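Student: I would like to see how this sequence folds:
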Amino acid sequence: MTKALRNVSDSEIKLLSIFHRVVARGGLSAAELDLNIGRSTISRHLKDLEVRLGVTLCQRGSAGFALTREGKEIYQASIELFEAIHRFKLKANDIQENLSGVLKIGLCDKVMGNPNNHVAAALRSFVRSYPDIRIDIHTQQLNFVEAAVISGEYHLGVVPIHRETSSLEYESLFLESMSLYCGRDHVLFGNTSDIPIDTIRKMRFAAMDVNSPNQQIFERLELPRSAIAHEQEGIALLIQTGEYLGFLPDHYAKTFVQDGIMKVVHSDRCR
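Tutor: Numbers count the residues shown, from 1 in each chain. Down below sits the predicted model:
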């Protein structure tokens, strides 16, 4: 019979945080860069956590990464734990006469270039009200920002809403439009008419590697993904080759369009 876990110390919380990041990133290799430790060290930490908990959390190896039933339950429990810790920190700060400390904010790639956002104005108001708080801003991928807010590593994040989770609270900030773009060497560059979706489906596409609103368009319209990028800049680069179509935020693509490097692919279904 497995011994019950009698207490949760800082070491267990640290191990749970590592486990949480591995799950959020989908495996040890993807989490390696985020955690800034080697894959073998991450594996040892996971093994240590499994020994302390008395359960197998995940399958890892050449066959890929997959959570066990117990691992899924521990992952959900860790979310609840980190939320409770975060609420405690907020409560402890609230009872101080003068708020101090660090406010950690996660932002998605290129989102602050949107002229519709008022985040800078909101931060200005906040800093003036709480001058003793230090702002710590991180720009990361969408799924990383979400995972970091859930774990309590970030206090809040600005991300496109694509699939809501009960582990987060949401507040609508601003709208962003995205269009399908091609490079000037692409066969569609000179076409100014609306292009049928059947024609578009015959083209190569560059896509982000995370679930996002434009990823959902790819699935809904059954568009073939021939190249993957991890940031909007990578999508822009692939579009410029003239070999791929890709979705970009209109505010980000504006300069490329003005310079004649890209143009919008006219299709009422691809926005």
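Student: only C-alpha atoms from now on, for both contacts and neighbour counts.
Tutor: Will do.
Student: quick check: longest helix of this protein.
Tutor: The longest helix of the chain (DSSP state H) is helix 69-94.
Student: helix or strand right after that helix?
Tutor: Toward the C-terminal end, the helix or strand that comes next after helix 69-94 (DSSP states H and E) is strand 101-108.
Student: and that following strand, what's buried?
Tutor: Along strand 101-108, these residues count as buried under the neighbour rule (16 or more other C-alpha atoms under 10 Å): 104-108.
Student: what are the pairing partners of that strand, and which direction each?
Tutor: strand 133-140 (parallel), strand 156-158 (parallel) (DSSP bridges).
Student: thinking again about what came up before, from the buried residues of strand 101-108, pick the one nearest residue 40.
Tutor: Here the nearest of these to residue 40, counting by C-alpha to C-alpha, is residue 106; it sits at 27.9 Å.
Student: I'd say the closest one and residue 145 touch.
Tutor: Yes. Applying C-alpha atoms under 8 Å as the test, residue 106 and residue 145 come out as touching, 5.5 Å apart.
Student: give me the common contacts of the two.
Tutor: Common neighbours of residue 106 and residue 145, using C-alpha atoms under 8 Å, 6 or more residues apart in numbering, are 154, 157-158.
Student: now for the lowest-mean-pLDDT helix or strand in the chain, which elements pack on it?
Tutor: When the helices and strands of the chain are scored by mean pLDDT, DSSP states H and E, helix 213-221 comes last with a mean of 74. With contacts defined as 3 or more C-alpha pairs under 8 Å, 6 or more residues apart in numbering; DSSP states H and E, helix 213-221 has no helix or strand neighbours.
Student: gap between it and the chain center?
Tutor: Here helix 213-221 is found 17 Å from its chain centre; the criterion is C-alpha atoms, centre = their mean, to the nearest Å.
Student: so which elements touch the host helix or strand of residue 236?
Tutor: Counting by DSSP H and E, the element that carries residue 236 is helix 232-240. Contacting helix 232-240 under the criterion 3+ C-alpha pairs under 8 Å, 6+ apart are the following elements: strand 178-183, strand 205-208, strand 225-229, strand 246-249.
Student: who touches the third one?
Tutor: With contact meaning C-alpha under 8 Å, 6+ apart, strand 225-229 is reached by 204-209, 218, 235, 238.
Student: where does confidence bottom out across those?
Tutor: Among the contacts of strand 225-229, residue 209 carries the lowest pLDDT, at 73.
Student: tell me, how many residues neighbour it?
Tutor: Residues lying near residue 209 (other C-alpha atoms under 10 Å) number 13.
Student: and the residue lying closest to residue 24 once chain neighbours are set aside, what does it touch?
Tutor: Spatial nearest neighbour of residue 24, chain neighbours left out: residue 147 (6.0 Å); criterion: C-alpha to C-alpha, 6 or more residues apart in numbering. Counting by C-alpha under 8 Å, 6+ apart, residue 147 makes contact with 20-21, 24.
Student: just send the contacts of strand 225-229 back as TSV, with distance to residue 59 too.
Tutor: As requested, those are exported to TSV (distance: C-alpha to C-alpha, whole Å):
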residue	distance to residue 59
204	35
205	33
206	31
207	28
208	26
209	23
218	30
235	33
238	35
